[in-house]
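In: Here is a sequence with its predicted model. Questions after.
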Amino acid sequence: MSDRESSLRRAATALRHDPLAVAGSIVLALLVFVGIFGPWLAPYGTNEIDIGNMLQHPTATHLFGTDELGRDVFSRVIVAARVSLEVAVVSVGLALVVGVGIGLVAGYYRGWVDNALMRCMDVLFAFPVLLLAVAIVAVLGPGLLTAMVAIAVVYAPIFARVTRASVLSVREQVFVTAAVSIGTSDLRIMRRHVLPNITAPLIVQTSLSLAFAILSEAALSFLGLGVQPPAPSWGRMLYDGRGFVTDAWWLGVFPGAAIFLTVLAFNLVGDALRDVLDPRQLTVSEARRSSR
Amino acid sequence: MGRFIGRRLVQSAVVLLGVTLVVFLLLQLVPGDPVRIALGTRYDQGTYDALRARSGLDRPLVVQYLSYVGHALTGDLGVSFRSGQPVSTIVLERLPATLSLALTAIVLAILVAFPLGVISGVRNGSAVDHAARVFSQIGVSVPDFWMGIMGILLFSGVLGWLPPSGYESLLESPSGWATHVVLPAATVGLVTASILTRFIRSSVLEVLSEDYVRTADAKGLKRRIVVLRHVLRNALIPVVTVIAVQLASLLGGVIVVEVLFAWPGIGRLTYDSVQARDYPVLQGAVFLVAALFLLVNLLVDILYARLDPRISVR
């Protein structure tokens, strides 16, 4: 069994045996389902304005009440799940590809290549996460795509550091030395021998980063820099509803609860994976997750 | 130790130089002409030319960068596109508000996290430990702005105890400042406390498994003395770093919380400059925050090396 398969198998076992991880996985599965089928599950259109019904309390007709334009909050919360998941998956995917690439090259070649690449990562680490994301979105213009790029840029250095640290130890293993001695190309060694052996910390980092990406997207949208109206997004719904929150509590409670449950679910799964796959990993991201 | 400090100073200087490059490039990334974007549609050619020349945007890129670095390192961060005021003045004016919020929040976080983390670590598996773990898990998962909104809803809307937003200067009106700082500081502080609790707990657990603690137990020392004399002294060394990193982040301005509570700090300034497309102010705020962040990290590394001499020889 390859190391990658073994990591995935251990991950699956970890998720099955930890009740909190099971709960987190169920919430995530539900979220993915809602993300895919949201538009069909929503009882009303997300932009169906009904001024005669604005700021209605939660009732059987409008489970989460209505907003200042009479739109159904429940429908908007459901449909917004897709946006949050999309941003999280795409931005973390980008960060993973770029960060792993940089970390792999830095850790494998060491020397000046390592120094140059990691100093660049240090520069990005010098900025609080959200501040850098805000600055990037501010100059590129607000929107879904720029939010994804900004989140990817701020999280790529974390993947680079985690990858580099793992590569440095794998690089010293006998099988890598053997591959070098028989003339295997660097690219092939990295792809066939190094990468499969560093999957455990990457799986952990990916699951935790998805949680931070959801939070970052919500924060950017809350500042009006993420998803643009009329498309629904949890952060944007909180931003739009903040002026009415003392009169209409449901505008503040439900979109925020959706963000909280999603992030909590990712964190529970991520923590369970870390306990099994990478118990010694001191997540850089954990210290950075508060860098708002 | 001297060599360690020297090495860290050089590393920080290199990173600071990189920071100036990133901050400088921010303006270059603006699609189109940043001055034209900032001025909007109603302006005359004279104003445009003057602002462009004053911002140095009419010069070659390399000259612009070198000039930016030279000026930035002497505290000159350019002038605001909007008000024409020096950026450094605008940014420094906002520092006291952010400073007072950050320090209040971190004190609150330490007051909550320290006892919770230590008890949770020492009484691993107890009810307090479970409560601490739930608290920290919730804290790291909850969006700070949502917690702020819930705070406004409860303490301003329902109970009417605290103002929902606003700011008063600590020096001019201490009581006014205190009533306004409670909600934003509690919002930021509790999230920070949850992170600190995790670190303190795991640090205490790690030290508890050390041989010297087992030896102290075996000697028959009282548990309290073992914890106070051996465990805490060693467990809290890494925690110092985490506290400092958190403080550095908070000094950087908690953008969303400052916006939510209309707190006129660096975070709010950043947000306002984004809205107004005042790119020099945005650059200035980002540069100052990153420089502060680097400085705090440098000081912490030096402090850490003093507390644990093994660090400086690694």
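Out: Received it, and whenever you're ready, just let me know what you need.
In: mind showing which ranges of chain A have poor pLDDT?
Out: Applying pLDDT under 70 to chain A picks out residues A:1-7, A:14, A:278-292.
In: Would you state the helices of it in chain order?
Out: In chain A, the segments counted as helices under DSSP state H are A:3-17, A:19-41, A:73-109, A:111-125, A:129-140, A:144-170, A:174-181, A:186-188, A:199-222, A:234-241, A:250-277, A:284-288.
In: so who does the spatially most central residue of chain A touch?
Out: Closest to where the C-alpha atoms of chain A average out (C-alpha atoms, centre = their mean) is residue A:210, at 2.0 Å. Applying C-beta atoms under 8 Å, 6 or more residues apart in numbering or on different chains to residue A:210 gives the contacts A:88-89, A:92, A:266, A:270. Every C-beta, even on glycine, is put in place using the N, C-alpha and C of the backbone.
In: quick one: contacts for residue A:238?
Out: A:218, A:222, A:251-252, A:255-256, B:145-146, B:149 are the contacts of residue A:238 under C-beta under 8 Å, 6+ apart.
In: next one: residue A:167
Out: A:103-104, A:106-108, A:194, A:198.
In: So which bits of the stretch 201-314 of chain B are right by chain A?
Out: Residues of the stretch 201-314 of chain B lying near chain A by C-beta under 8 Å from any C-beta of the partner chain: B:242, B:245-246, B:249, B:252-257, B:259-260, B:267, B:270-271, B:273-275, B:279, B:282, B:286, B:289-290, B:293-294.
In: burial count for the single nearest residue of the stretch 51-200 of chain A relative to chain B?
Out: In the stretch 51-200 of chain A, the residue that lies nearest chain B is residue A:123 (3.3 Å; C-beta to the nearest C-beta). Counted with other C-beta atoms under 10 Å in any protein chain shown, residues neighbouring residue A:123 total 21.
In: Let's see if you can find the most crowded of the contacts of residue A:167.
Out: In terms of neighbours by other C-beta under 10 Å, the contacts of residue A:167 top out with residue A:103 at 29 neighbours.
In: Can you tell me the number of residues neighbouring the closest residue to that residue other than its chain neighbours?
Out: Leaving aside its chain neighbours, residue A:103 sits nearest to residue A:163 (2.7 Å; criterion: C-beta to C-beta, 6 or more residues apart in numbering or on different chains). By other C-beta under 10 Å, 27 other residues sit near residue A:163.
In: who are the neighbours in contact with residue A:163?
Out: Neighbouring residues of residue A:163 by C-beta under 8 Å, 6+ apart: A:99-100, A:102-104, A:107, A:198, A:201-202.
In: can you check residue B:59 too?
Out: residue B:67.
In: Report the secondary structure state of it.
Out: coil (DSSP: H, G, I helix; E, B strand; the rest coil).
In: where's it relative to chain A, distance?
Out: Distance, residue B:59 to chain A, by C-beta to the nearest C-beta, to the nearest Å: 20 Å.
In: so what's that residue scoring on pLDDT?
Out: With respect to pLDDT, residue B:59 scores 79.
In: so how far is residue B:70 from it?
Out: 13 Å (C-beta to C-beta, to the nearest Å).
In: Selecting buried members of the residues of the stretch 201-314 of chain B next to chain A in ChimeraX, what would you type?
Out: What follows is the ChimeraX syntax for the buried subset of those, where burial is set by 16 or more other C-beta atoms under 10 Å in any protein chain shown:
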select /B:242,245,246,249,252,253,254,255,256,257,259,260,267,270,271,273,274,279,282,286,289,290,293,294
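In: Now, the residues of the stretch 201-314 of chain B next to chain A that are in helices?
Out: B:242, B:245-246, B:249, B:255-257, B:259-260, B:267, B:270-271, B:273-275, B:279, B:282, B:286, B:289-290, B:293-294.
In: Give me the number of neighbouring residues for residue 165.
Out: If you meant another chain, say so; for now it's chain A. 15.
In: You answered for a different chain; I wanted chain B.
Out: Neighbourhood size, residue B:165 [other C-beta under 10 Å]: 17.
In: Now do it against residue A:20, distance only.
Out: Distance of residue B:165 to residue A:20, given as C-beta to C-beta: 36 Å.
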